[in-house]
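Enquirer: here's a sequence, model it:
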Amino acid sequence: MSHSQFDESGAMQDMYINDGFIQEEEPVAMEAEVYVNGKVQLNSKKQKKSKKKKNDEKNYFSICCGVLRKLWATRQTEDIDKVKHPERYVKITLRELVIYLIFLVVICIVSFGMIHSNTFTFTNVLIDSFIKSKAEGSDIAFEDVVHMNEIWNILQGPFLDNYFNDFKQSTNNTDDLTKFIANENRILGLARLRQVRVRNDSCVIPDDFKQEIRFCYSDWAPSLEEKEPFGPFVGQNMTSNVTAWFYQTEKELKGSGHQGLMNYYDGSGYVMELSQEREETQARIQYLFDNLWIDRATRAVFIDFTVYNANINLFCQIKIVFELPATGGVVPSYIMRPVKLIRYVTTFDYFILVCEIVLCVFVLYYIIEEAIEIQKHKLSYFKAFWNILDVVILAIAVVCIVFNIYRQEKVSNMLEKLLENDNQFIDFDLLAYWQELFNNAVGFMSFLAWIKVFKYVSFNKTMTQLSLTLSRCAKDVVGFAIMFFIVFLAYAQLGYLIFGTQVQDFSTFSFAIFTLFRIILGDFDFESLEAANRVLGPIFFLTYVFFVFFVLLNMFIAIINDTYGEIKSEIANQKSDIELGSFFKKGYNRVLDKLNIRRAQIIDIQKAITTADLNQDNIIDFIEFRNNLRAKGYGDIEIEALFSKYDLDGDRCLNEIEQKNMFKDLSEQNDELKEAYMALEQASEEKGNEEKKRKRTNGVLFEDYSNLSSRIDKMETSIGSIVNKVDSVLNKLENAEKNIRAQSVIFIQ
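Expert: Just a heads-up that it's a prediction; the model follows:
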């Protein structure tokens, strides 16, 4: 047969090519090209290859799109009808829930990793040192300061004693403890004294008192701030050695503002930096005291410094504040901000770093998911509460990630600057403040993340009770809230006006509001109200408790309780759109079916081993084995893979040793499948027994009871109407009988 005959018979040529006798060759130039009207075109083979390549590219693209679609598939992106496709709806919901629970676990690990377990102890040590300690021979602590002169007593007494450690001995193997507070907390840089002042003309003196009162200093306000030099350097220029008497702006000081108990103060003012030596610091404080650095124009004095505890890797920015209001006296306050500014030191810290990277990946994943949902649903996306919650969580997460990067860079620069020159003041106040806000934001994000779990379990009717109750009673609650706050604010204003001058809990209107909320919860000080006014105090307290606690609060509970009862009865009488029990039961049955099929396959292979040796030579060749399994419906690929696994010598025959190995493996797999099957069956029986026992112990189910109750109510209504009709008929018969008797008597007469 010639080569031309092969060309004319395409089928025969393909057969020989597939059998390996003829190797397909690439077409030469003349075969690959065809000239049509003087133009070169590809022949059919070349076109087929190009089409196949394009189809392969389309297939790869469609596969990638399918993978991405499955990766970001949600209930909102797929628009699945849970009535028509309940199983698919449950699968996607459970998939979302599992992914989100992993995300929630990562958030919890990151949030708990930011807080050290010894933070409270660390802060408490510093509070005991600077706030609660007293000077020798004095009963005045920081909290007890009420006069201007007592500020100097604190500065020269407890502050110096605790700021400078008494342990001065140091060797090459120990640190210099003079720079440590409570032996463990290293002072970073210098401490700073700062004050803000107001001008003499900041208030108006009445004409009647102008002869007696020549100086008047108003309460603090930025517009009334004093900016001129004072004290012994009036009219002079500031030098680097003398700064306590000259005003500097917040930008020049590189400081930040502070919200005190009385007012908000910016970061400007008159400053004096202390020394690293006790004697020098004591001399500077004495110099300020001798020259009356604090006087009537002073409205606030700040002491700022930062410590670092290397044992627990925590910074603490300390701000001690003495506010001097226009009323006179001193209002002391303080802020301790323990923060972890150096995040990654220990092995656990680097584990937290890995979790933070995973959190960033999750945030990126959910950003893409929300973007897909917004692109699909447009503005209607924001009509759902859960979607808004998703956006809020992601926004907080992005802000926290950006701040985390900024904080790491900022701390490195500040510490590098501090290590270059330790004899300067480094203000960690603003950074510690933002770190505190960062911790609060992470805590708030964790709270919202936990609340979001309800989004994924809301398809179950039991889990919807809370949301349905709140939505159903929303109008009633709003109406009640208006009525409640009318009464509540009336009592708040009354309490502020009556007791505000004598009782601290009512000293401001906001304090009065919080105090009335505390009374609702049972936290009250009746003695102080009675001492302020023996008549109006008890009347105010008793009437407030009666109207608010006994009347209004019980009305609110009744609204919630009635609505919850309605929701509970409705849920009991309706069937869930999606039954998780049936979904898991179907999955359980599928697992059992797969186990049974696998066991049947193993049994078939075992029988094939024993029956395939037709010539009784204790050797099973591939043809015998394949024919036996083919008869039972198995494919050639499965048979080839199984046979090759145990044909170790590759002779296409199974000897006795190879047959024993196959039979042994199949027996072990059969035993394992049997144990798994028995375990599943036992678990199913135990669950069924528990369900039967629960039904027996509980008696009639609530759903059946509700149905029977509704039927009985209908029967009672029907019977009642029938009884009424019977009574009316009997009354008519009785009246008719009376009329007949009366007519008969008249007839007889």
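Enquirer: use CA for all of it now, contacts and neighbours both
Expert: Noted.
Enquirer: OK, contacts around Ala397?
Expert: Ala397 makes contact with Val363, Val442, Met445 under the criterion CA atoms under 8 Å, 6 or more residues apart in numbering.
Enquirer: I'd like the next helix or strand past the one helix or strand it maps to.
Expert: Applying DSSP states H and E as the criterion places Ala397 in helix 385-420. The helix or strand immediately downstream of helix 385-420 is helix 429-451, counting by DSSP H and E.
Enquirer: just the CA trace of whatever helix or strand comes next after that following helix, in CSV.
Expert: Once helix 429-451 ends, the next helix or strand along the chain (criterion: DSSP H and E) is helix 453-457. Once non-C-alpha atoms are left out, helix 453-457 reads as follows in CSV (Å, rounded to 0.1, in the frame of the first residue of the first chain):
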residue,chain,number,x,y,z
VAL,A,453,-22.0,36.8,63.6
PHE,A,454,-25.8,37.2,63.7
LYS,A,455,-25.7,38.0,60.0
TYR,A,456,-24.6,34.5,59.2
VAL,A,457,-26.9,32.6,61.6
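Enquirer: need the pLDDT of Tyr45.
Expert: Careful, residue 45 is Lys and not Tyr. We have a pLDDT of 53 for Lys45.
Enquirer: quick one on the thing from earlier: most neighbours of all the contacts of Ala397, which one?
Expert: Among the contacts of Ala397, the one with the most neighbours (other CA atoms under 10 Å) is Val442, at 23 neighbours.
Enquirer: what sits closest to that residue if chain neighbours are left out?
Expert: Leaving aside its chain neighbours, Val442 sits nearest to Ser111 (6.4 Å; criterion: CA to CA, 6 or more residues apart in numbering).
Enquirer: doesn't that neighbour fall inside a strand?
Expert: No: assigned with DSSP: H, G, I helix; E, B strand; the rest coil, Ser111 falls outside any strand and is helix.
Enquirer: I'd assumed Ala441 was in contact with it.
Expert: No: contact status for Ser111 versus Ala441: not in contact, 10.0 Å apart, counting by CA atoms under 8 Å.
Enquirer: shaky segments in the stretch 501-650 of the chain?
Expert: Within the stretch 501-650 of the chain, the segments meeting pLDDT under 70 span 574-643, 646-650.
Enquirer: make it 90
Expert: 501-502, 504-505, 507-508, 520-530, 532-534, 549-550, 553, 562-650 (pLDDT under 90).
Enquirer: quick one: the helices in it, in order.
Expert: 509-520, 526-532, 536-544, 553-573, 580-611, 622-630, 636-646 (DSSP state H, counting those that start in this stretch).
Enquirer: what's the shortest one packed up against?
Expert: I take that to be helix 526-532. Here helix 526-532 touches helix 536-544, going by 3 or more CA pairs under 8 Å, 6 or more residues apart in numbering; DSSP states H and E.
Enquirer: same thing but 10 Å
Expert: If you count contacts as 3 or more CA pairs under 10 Å, 6 or more residues apart in numbering; DSSP states H and E, helix 526-532 packs onto helix 474-499, helix 536-544.
Enquirer: would you mark the buried spots in the last one?
Expert: In other words, helix 536-544. For helix 536-544, the neighbour count (16 or more other CA atoms under 10 Å) marks Gly537, Pro538, Phe540, Phe541, Tyr544 as buried.
Enquirer: repeat for the first one
Expert: By neighbour count on 16+ other CA under 10 Å, the buried set for helix 474-499 is Val477, Phe480, Phe484, Phe488, Tyr491, Ala492, Gln493, Leu494, Gly495, Tyr496, Ile498, Phe499.
Enquirer: tell me which stretches of the stretch 251-400 of the chain form helices.
Expert: Taking DSSP H, counting those that start in this stretch to define them, one finds helices in the stretch 251-400 of the chain at 278-290, 347-377, 385-420.
Enquirer: ramachandran coordinates for the nearest residue to Ile213 once chain neighbours are set aside?
Expert: Using CA to CA, 6+ apart and skipping residues adjacent in sequence, the residue nearest Ile213 is Ile205, 7.5 Å away. The phi and psi torsions at Ile205 (degrees, to the nearest 10) take the values phi -90, psi 130.
Enquirer: Ile205 - how many residues pack around it?
Expert: Ile205 has 15 neighbours, counted by other CA under 10 Å.
Enquirer: residues contacting it?
Expert: Gln211, Ile213, Arg214, Phe215, Cys216, Tyr217 (CA atoms under 10 Å, 6 or more residues apart in numbering).
Enquirer: tell me how many other residues crowd the first one.
Expert: Going back to what we said before, that points to Gln211. 9.
Enquirer: pLDDT score assigned to it?
Expert: We note a pLDDT of 77 for Gln211 in this prediction.
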